[in-house]
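S.K.: From the sequence below, what's the structure:
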Amino acid sequence: MKSIYSKILILAFMASSLYSYAWGLTGHRVIAEIAENHLSRKARREIKK
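M.R.: Numbering: from 1, shown residues only. Coordinates of the predicted model:
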């Protein structure tokens, strides 16, 4: 079941990445900052590795 969620999540990221180009560099950075603010502590540690 976990792999199904992973695949759906990856597919969603791939589909949404097409829209990020329409927002331009500033819009993309704003969305990235918002997403970063919602990361758990564990996720932050994994990213910094």
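
S.K.: Now the lowest-mean-pLDDT helix or strand in the chain: buried residues?
M.R.: Every helix and strand in the chain was compared by mean pLDDT, DSSP states H and E; the lowest is helix 2-37, with a mean of 79. By neighbour count with 16 or more other Cβ atoms under 10 Å, helix 2-37 contains no buried residues. The way it works is simple: take the backbone N, C-alpha and C, and place the C-beta from them, glycine included.

S.K.: starting at the chain centroid, how far to it?
M.R.: Between the centre of helix 2-37 and the centre of its chain there are 4 Å (Cα atoms, centre = their mean, to the nearest Å).

S.K.: now the very next helix or strand once past that helix against helix 2-37, angle please.
M.R.: Tracing the chain past helix 2-37, the next element assigned as helix or strand by DSSP states H and E is helix 41-48. Relative orientation of helix 41-48 versus helix 2-37 (axes from the mean of the first three to the mean of the last three Cα atoms, to 10 degrees): 90 degrees.

S.K.: quick one: K42 and K48, what's the gap?
M.R.: 11 Å (Cβ to Cβ, to the nearest Å).

S.K.: Could you do M14 as well?
M.R.: For M14 relative to K48 (Cβ to Cβ), the value is 24 Å.

S.K.: Also I34?
M.R.: Taken as Cβ to Cβ, the span from I34 to K48 is 19 Å.

S.K.: Same question for S16.
M.R.: Taking Cβ to Cβ, one finds S16 at 24 Å from K48.

S.K.: how far does stretch 29-44 stretch from start to finish?
M.R.: 17 Å (Cα to Cα, to the nearest Å).

S.K.: how far does that stretch sit from the chain's center?
M.R.: Centroid displacement of stretch 29-44 relative to its chain, using Cα atoms, centre = their mean, is 8 Å.

S.K.: Same check on stretch 31-49?
M.R.: 9 Å.

S.K.: what distance separates the start and the end of it?
M.R.: End-to-end for stretch 31-49, by Cα to Cα: 22 Å.

S.K.: now swap in stretch 34-49 and tell me
M.R.: 21 Å.
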